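*Asks:* no letters, just coordinates:
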Ligand SMILES: Cc1ncc(C[n+]2csc(CCOP(=O)(O)OP(=O)(O)O)c2C)c(N)n1
Ligand SMILES: Cc1ncc(C[n+]2csc(CCOP(=O)(O)OP(=O)(O)O)c2C)c(N)n1
Ligand SMILES: [Mg+2]
Ligand SMILES: [Mg+2]
C-alpha cells in the first residue's frame, strides 16, 4: 500500500497500516474458516487435501463486517467507549468469529482454540463442520446478542440493548437485503422512543454492498438521492462512506466514525445537561463497498467481487479444479499472512495492540452476556393486591385489571430494569394503572390531548408487534426484565421471532459461559372468547400450540382463571429465568374464584381439584370436569352447578389447570405431574370432560401418555363464531355449560336413560 | 355551508354541495350503524330504546374513509376509471358498508337490506350485533379484498391487485398507526416492482389522523418535513391535503385527486408508448384531517374530535345518560338526514347521481370478487417433465429441480395470470429453470452483472416474506394464480397472515356471491433436514402444524417424496380452488422412487403401500413402516432394506404418505381416508413405526381416532442438531434407519430375543 497517498484523512500512515493489517488478518481468518482443513498459515503451498471437502459459509458480507469491526475497535480505544456489535447479516459468522479470536476472547472461552497455529487450525476446521460451530453469529459467538439467521431484527435488538444503558453504544450493521424485510423497515423509527438522556445510543450502519443472494438490493437501486431522503425521513443524519480502494475507504470510514461518535456524544451531553428532551437527528452510516470485497475478482471468466456471486463461497470445487485451487491460494496470500501472524501462529504485536482490552472488547462486553449483569427485580408483595373473595364467584373483576396496580408498582420499584411493551393495547388490556406512575415512552413534543406521553415513560407502545418483541429481546439479552402484552390472536405476528428466541435459549443452556437471562413474558389478553365486536379475524388461540413445539425446558404456559391466580402467576414469571412464559388472561369482568391464599396454593400445584365446586366428597368421582382458561372455567363451574341441581347423586370432580405443562408426563416436561398424581386427580378410568381455552388437540397431545387418556373428551375453540356475544361464542364451539352437561350425560356409563330428560332440556336451551 | 367561499377549487358550488351531502350521508349511516337499533331516520326524537344496548365499532377512522370514498366516486365517474378501494384501517367497516349501501350494491347482494327505511333499520341493527356482520371490512363487505383486522397488509394487497391489471387503479388507504407495523413499512417500496406499462396503478393515501388507539402516531409526530422526505425516499411524490374545514378540504382533495389520477395516466401513457421502462415517481396523498372528524367535539368536558378518544365509540353510556343521548342526537342531526334521504328512506336523487354505476362502482368491481374473473391456467402436461426411474432409488435428483422446467413452462403458457413469489430464494430452491423464459421483476436500471432482472419478469423476488405473501394474496383475490416458494423455517414469518387468509377463505365459502379463487400454494424447500450449513436457526417444520389448526375444508398438506410426486402434486395444487396448499419438498439430490405413472397413482391415493419395498407379499405384515417426507422416506426404505437382509422372515409393509390429510378420519377432513381403508393399510393391531418430516405430534393428532392408534410410534424432528451432515441430523433426532430398525425390534412382539444381535449392531452404528 502506498502510504504517501493516504495522509489526507485522520489516520496517520502508521494507523492506516495497522488498521489495514488488522482487517487483512480478519479477512484471512474468515477465508480460512470457510476453506481450510489444514495448512492454516500457508507454510506450504496449498494442496487439495488442505481444503474442506464441502465448502460452506458466506463470504460476501464478511469483508464489510470485518472492516467495521476493525474500525470500531479503533474508536473504542480512542474514546474508551462501551460498545457492542450487532451483525444484521448474521450469516457473516466467520467474520465475527475471526474478530473475537483476534481479540483473544475466543480462546479465553474456548480453551482448545488457542491463539496459535494449532488453535487456528481448529478454528478453521470447526466452522460449519459436523460437530463444529454454526455458520451464523449464533449464541456460541462471544459478544453476540443477535444470531442474524432469520433476517430483520438487528435494529430492534440494538435498540432493546440501548434502552436504559446510558453509556452503551450499539453499533448495528444492517444488510441492504435485510433492510427489505418488514420488521427491519419498521425498526428505523425506533429512534422516536430512544431518550438521549436516559438511554444509550444506536449507530445504524447500512451495509450497502448492493446484493442479497441472487438479486441486487432495493436500497441500492433506488439511487443515492432517494436513499438519502429515506434515511433523513427516518430522522437520521446519514453519512456515506463509499469506495473500493481500501486506503480511501479506511480514511473515510475513520473520519466518519469519529464524526458519528462525536455527534452522539454531543447529543447526549446536550440532553443530559438538563432541559427539554427532544428527538435529536442521530447520525448513521451508509457503507457502500463491493460485496465480497478483496475476494476473487473473477472466477471462470465471470465477475464475482461486487456481485451477487460473492454471496456464499466465491470459488467452488477447489479440491478438483487446480485453477480454483490456485485462485484460492492467491486470494489467501493476498492478505500476506506471513506479516500478520508470528511463527507460533499468534497475531503479531502490531495487531494485538489495536483492539481494546478486557471488558472493553466488544466480544467480552458483559452487556452482551446479559445474565452476568442481571439483578432480581424488586417485586412488591402481590398478596397486597389481592381481590377479596368472600365466596367463589364474587366479586366480578377483570383479571388484567387486578394485575394492573401490581405492574404499576413493579414499574415504580424498578425504574431502570423493567419495561412494559405492547402494540398500543396496554390500556385496552386494562393495565392502565401503570399510567398512575409513568408515561408511554415518546421523545419529542407532546400536546395537551396526549395521554401520559413522555421521554421517561416506562411503557413502550408502538403499533408493531415485531418491534415490541425485538426491543424486549434486546432488553432481556442485555440483562433486564419485561412483559409484552398483546391481543392473543395477533401475537402470531411474532411466531418466527419466538422460534428464534427459543432456539437462542435452548442453545445458551449448553454454553457454560452464557449466564441465564430473565424470561420472555407474554401477557395475552383480548382473547379468543371475547372478541365481541372484532369478530373472527381477532380469534386465534394457536400461539400456545406454536410455543409448545419448542423444547420443553424453555416453554411455560399459564391460563390463570381469575385475578388472584394471575397475580400469583405473573409474580412467578418475573422471577423465572431463561423461559418463554405465555400467560393468557381475561380483561373483561368475570367471577373471582379463589382467595389469594387459595390462588397461591393452586398456582403452586399448577392444577388441582376445586373441592368447593365438586360433589365427589373426597371419594372416587363418576366424572371429572376439567378446565383451563377463564371462560372454560366459568362454563365448567356452571355445568357442575347444573349437574348438582339436576343429578344430585352424580359425583362430579372439578379440576382446574393453571399450568398447562403439568398435564405432560414428568419425563416430557420439567413441570409434568408424575403419573401417580395425575391418576389420582383425573382417575384411571372415569370420563374426563375437559373444557379448554384453545384448540382442543393440544390437551390430547399433552395427556397422551396418561393412563386415562382414552376417556378424555376435550371441548375448545374450533374456529366458529364471529362478532357475537360471549355466550354465543361458547355455544357455537360446543364449550357452553349445556354442551358440557350433555357431554357428561353421554359419557358417564348408565347415566343415559336416567338423565334423558335433562339431556333434552340442555339441548333445547 | 357558505358556497361563495368555495369556488377557489376545482369544484363548482353544485359539485361541492353534492359531495358534501354524500359524505354527510355516509357519515350518518356510519354513526347509525354504531348506535341505532331503531328510529333510523330520526323521524322522532331520539329515545334511549332507539340506541343499541352495547355500543361497538370504530368511529375515528370512518369520516376519513367516507371522505375518500366519496371523492374517489367523483373521479371514477369523471374519467370512467376502473378502481377498487383498499381500506387499511379495516376497523372502519361501517364506513365501507355505508358506501356500498349508498351505491346500491349492498341491497343487490343482501336483499333484506333494501335502500329504504326498513332496510336502513336492518343495516343499522345488524352491525356488530349477534348474528349480524363483523365490524371490519370483512369478506361480507362488497368490494373488499382486504379485511384490515390485523393491521399491516393493505399496501401489499393493493400492489398484488394491481399487478397484471393494466387498467386498474387501486386506491389504498393506510392508517398512520398501521404504517408503524413492519409489514406496512416494508411495503412502500413495492413500487420498485410495479411496471407502469404492464401493471395497474396503486394510489397510496396515508390517513394521517394523528392517533391510533391510545397513542399519537409516529408518522404524525416526526413532523411534516421528515415525513415528506420519508415518502420521497419511498419514491413517491406526496401531496398533502390538510384541514378541518370541510369545504376547504373538499376543494383540496378534489384538486389533489384530479392531479394524482392525471399524473398516473401520464406515467402510464409514457410507459406504454414504448421505450425504456423506468420507475416513475408515482403520486401519493397524505390526508391530514382530525380523527373522528364531524363527531362530538367534546364529551364530558374532554376533547374527543381530533384525539385518540375518537377511536372507537366517542359518546358512550347513551342509554343511561341523557346528556350523552342529546349529544348523540345533535351529532346525528348535524348531518341533516332529512336532506339526504327521501320519505321512503332512500338516498335522494342528488346522492344517487354521484357514484358510478354498474361494475364501475368500487363495491361491484368484479376485480374485488376475483373468482368471477378467474380462468383456469393453461398447464403443460407434467408427465412430459418426468424423471425416468428405471428402478426405485435411481436416478438421484433434487425434487424442486425436477419441478423447475414445468414451472418455467407454466410461466410461459400463462403470461398474464401466473407469478412466482419468493424472498430471493427461487434459484437457491432450484427453480432457476424459470429464468430460461423470464426475469426477476425489477423496474429501473440494471447492470450487466444482474442475473435475469427486468421490468417484465414474472418472478417476484424481494427479501420480505410479508411482501411475497401480501402480493400473492392480493393477486389471488383478484382472480389470478401463483406459487410462493420459501425456506421452510422462515415461512413462520407469515403465520399470522396465513391465519387471516384462511379465515377469509372459510368465511367466503359461506357467502354465495363470492366466487372461489385460486388456492394459495406454498412450495417450501431448504427444509429442516438439510440445513447442513445454516444450522439450528434454519430448522423448523412447524408451519404444517400451524396450518392444520385452520378449518379442515381450507387446508391441504403434501409431502412428495421425490421429483415425480412433486410434479403431480403441484399440478393438482394449481388446479385447485379456495385452499391453502402447503407442499414441502427437497432441493438436494435424492433418490427417485416412482415412475410418473406410479407417482400419479400414488398422489391420487394420497398414501399407499409401496409393494416393491415391502416384504409382506400381500399378507398381513408383522410391522408397518410408514413415512412422510423425502428424508424420512429415504431412512424408512433403508431400514426396510436392513430388515430384509437381517430378518428375512419379518413381514414388513412400507407405506408412504404424500397427502397428510389422508391420515385423518373422513369425518374430520374431506381428504380423510375411511376407517376401513385405513385399517386395511395400517392394520388394526400391528406396530406402526412412522418416520415423519416434522414434529411427531402431528401424526398422533391426525390418526388419533384410528383403531390402531395405540400401536403407532412416531419419529420426527425434536429440535436437535445444528450445522451438521444430513445423516447426523437424522441420527440426533432418532429418525435414522438404525433407530427405525431398533424401533421395529422393540415393538414387534417376540422379536426381541431373536433380533438381539441385530439390535446391538444397530445401536453401535
Ligand atoms: C427472513 C429471511 N429470509 C430469507 C433468508 C435467506 N437469506 C440468507 S442471506 C440472504 C441475503 C442477505 O442479503 P443482505 O442483507 O444484503 O446481506 P449481505 O449482502 O451482507 O450478505 C437471504 C435472503 C433469511 N436468512 N432470512
Ligand atoms: C397488527 C395489529 N395490532 C394491533 C391491532 C389493534 N388495533 C386496532 S385499531 C388500532 C389503531 C389503528 O390506528 P390507525 O392505523 O391510525 O387507524 P385509525 O386512526 O384510522 O383508526 C390498533 C392498534 C390490530 N388491529 N392489528
Ligand atoms: Mg447485501
Ligand atoms: Mg390514525
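*Replies:* Perfect, I can see it now. Because the structure is a prediction, the values reported are computed rather than measured. Ligands and ions are numbered 1, 2, ... in the order given.

*Asks:* contacts, neighbours, all on C-alpha from now
*Replies:* Noted.

*Asks:* residue contacts, the residue nearest to residue A:16 when sequence neighbours are not counted?
*Replies:* Spatial nearest neighbour of residue A:16, excluding adjacent residues (Cα to Cα, 6 or more residues apart in numbering or on different chains): residue A:250 at 7.1 Å. Contacts for residue A:250 (Cα atoms under 8 Å, 6 or more residues apart in numbering or on different chains) come out as A:16, A:19-20.

*Asks:* measure residue A:250 to residue A:88 for me?
*Replies:* Separation of residue A:250 from residue A:88 (Cα to Cα, to the nearest Å): 22 Å.

*Asks:* which residue does chain A bring closest to ligand 4?
*Replies:* The nearest approach of chain A to ligand 4 comes at residue A:463, 10.6 Å away (Cα to the ion).

*Asks:* so that residue touches residue B:181, yeah?
*Replies:* Yes: counting by Cα atoms under 8 Å, residue B:181 is a contact partner of residue A:463 at 5.7 Å.

*Asks:* rewinding a little: ok, the closest residue to the residue of chain A closest to ligand 4 other than its chain neighbours - contacts?
*Replies:* Of all residues not flanking residue A:463 in the chain, residue A:423 sits nearest, at 4.4 Å (Cα to Cα, 6+ apart). By Cα under 8 Å, 6+ apart, residue A:423 lies in contact with A:461-465, A:468, A:485-486.

*Asks:* okay, and the closest residue in space to residue A:400 that isn't next to it in sequence sits in which element?
*Replies:* In space, and not counting its chain neighbours, residue A:400 is closest to residue A:587: 5.1 Å by Cα to Cα, 6+ apart. Under the criterion DSSP states H and E, no helix or strand holds residue A:587.

*Asks:* how about residue A:643?
*Replies:* Residue A:643 belongs to helix A:630-646 when assigned by DSSP H and E.

*Asks:* can you list contacts of that helix?
*Replies:* Helix A:630-646 has contacts (Cα under 8 Å, 6+ apart) with A:529, A:559-562, A:585-586, A:590-591, A:613-615, A:625-627, A:650, A:652, A:654, A:656, A:691-693, A:735-738, A:740-741, A:758.

*Asks:* show me the longest helix that occurs in chain A.
*Replies:* helix A:246-272 (DSSP state H).

*Asks:* could you tell me how far that helix lies from the centre of the chain?
*Replies:* Taking Cα atoms, centre = their mean, to the nearest Å, the mean C-alpha location of helix A:246-272 is offset from the chain mean by 30 Å.

*Asks:* tell me which residues of that helix are tucked away?
*Replies:* By neighbour count on 16 or more other Cα atoms under 10 Å in any protein chain shown, the buried set for helix A:246-272 is A:246-254, A:256-258, A:260-261, A:264, A:267-268, A:270-271.

*Asks:* what of stretch A:463-473?
*Replies:* Applying 16+ other Cα under 10 Å to stretch A:463-473 flags A:463-473 as buried.

*Asks:* got JSON lines for those residues, with secondary structure and pLDDT too?
*Replies:* Formatted as JSON lines, the buried residues of stretch A:463-473 follow (DSSP: H, G, I helix; E, B strand; the rest coil; pLDDT from 0 to 100):
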{"residue": "A:463", "secondary structure": "coil", "pLDDT": "98"}
{"residue": "A:464", "secondary structure": "coil", "pLDDT": "98"}
{"residue": "A:465", "secondary structure": "helix", "pLDDT": "98"}
{"residue": "A:466", "secondary structure": "helix", "pLDDT": "98"}
{"residue": "A:467", "secondary structure": "helix", "pLDDT": "98"}
{"residue": "A:468", "secondary structure": "helix", "pLDDT": "98"}
{"residue": "A:469", "secondary structure": "helix", "pLDDT": "98"}
{"residue": "A:470", "secondary structure": "helix", "pLDDT": "98"}
{"residue": "A:471", "secondary structure": "helix", "pLDDT": "98"}
{"residue": "A:472", "secondary structure": "helix", "pLDDT": "98"}
{"residue": "A:473", "secondary structure": "helix", "pLDDT": "98"}
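
*Asks:* can you pull the contacts of residue A:309?
*Replies:* Counting by Cα under 8 Å, 6+ apart, residue A:309 has contacts A:213-214, A:303.

*Asks:* so which of the residues you listed also contact ligand 1?
*Replies:* Contacts with ligand 1 within the contacts of residue A:309, counted by Cα under 6 Å from any ligand atom: residue A:213.

*Asks:* ok, so of the contacts of residue A:309, who is nearest ligand 1?
*Replies:* Ligand 1 has its nearest neighbour among the contacts of residue A:309 in residue A:213, at 4.6 Å by Cα to the nearest ligand atom.

*Asks:* surely that closest one and residue A:307 touch.
*Replies:* No: between residue A:213 and residue A:307 there is no contact under Cα under 8 Å: 9.6 Å.

*Asks:* which of those two has more residues huddled nearby?
*Replies:* The residue with more neighbours, out of residue A:213 and residue A:307, is residue A:307; 26 against 20, by other Cα atoms under 10 Å in any protein chain shown.

*Asks:* just name the shakiest helix or strand of chain A by mean pLDDT.
*Replies:* Ranking every helix and strand in chain A by mean pLDDT, DSSP states H and E puts helix A:751-754 at the bottom, with a mean of 79.

*Asks:* spatially nearest residue to residue A:129, not counting backbone neighbours?
*Replies:* Here the residue nearest residue A:129, using Cα to Cα, 6+ apart, is residue B:724, at 6.1 Å.

*Asks:* neighbours around the one you found, how many?
*Replies:* Residue B:724 has 23 nearby residues by other Cα under 10 Å.

*Asks:* surely it is in contact with residue A:126?
*Replies:* No: with contact defined as Cα under 8 Å, residue B:724 does not count as touching residue A:126 (10.7 Å).

*Asks:* shared neighbours of these two, anything?
*Replies:* Shared contacts of residue B:724 and residue A:126, defined by Cα under 8 Å, 6+ apart, are found at residue A:132.

*Asks:* in what helix or strand does residue A:429 lie?
*Replies:* Going by DSSP H and E, residue A:429 is not in any helix or strand.

*Asks:* that one and chain B, how far apart?
*Replies:* According to Cα to the nearest Cα, to the nearest Å, residue A:429 and chain B sit 11 Å apart.

*Asks:* confidence score at the residue lying closest to residue A:162 once chain neighbours are set aside?
*Replies:* Leaving aside its chain neighbours, residue A:162 sits nearest to residue A:200 (4.6 Å; criterion: Cα to Cα, 6+ apart). The per-residue pLDDT reported for residue A:200 equals 98.

*Asks:* same question for the one 10 residues further on.
*Replies:* Looking at residue A:210, its pLDDT stands at 97.

*Asks:* ends of stretch A:748-756, what's the gap?
*Replies:* Chord length of stretch A:748-756, first to last residue, is 12 Å (Cα to Cα).

*Asks:* actually stretch A:416-427, sorry about that
*Replies:* 22 Å.

*Asks:* does it reach ligand 2?
*Replies:* Yes: counting by Cα under 6 Å from any ligand atom, ligand 2 has neighbours in stretch A:416-427: A:423-424.

*Asks:* roughly how far is that stretch from the heart of the chain?
*Replies:* A distance of 16 Å separates the centroid of the chain from that of stretch A:416-427, by Cα atoms, centre = their mean.

*Asks:* next one: stretch A:109-124
*Replies:* 31 Å.
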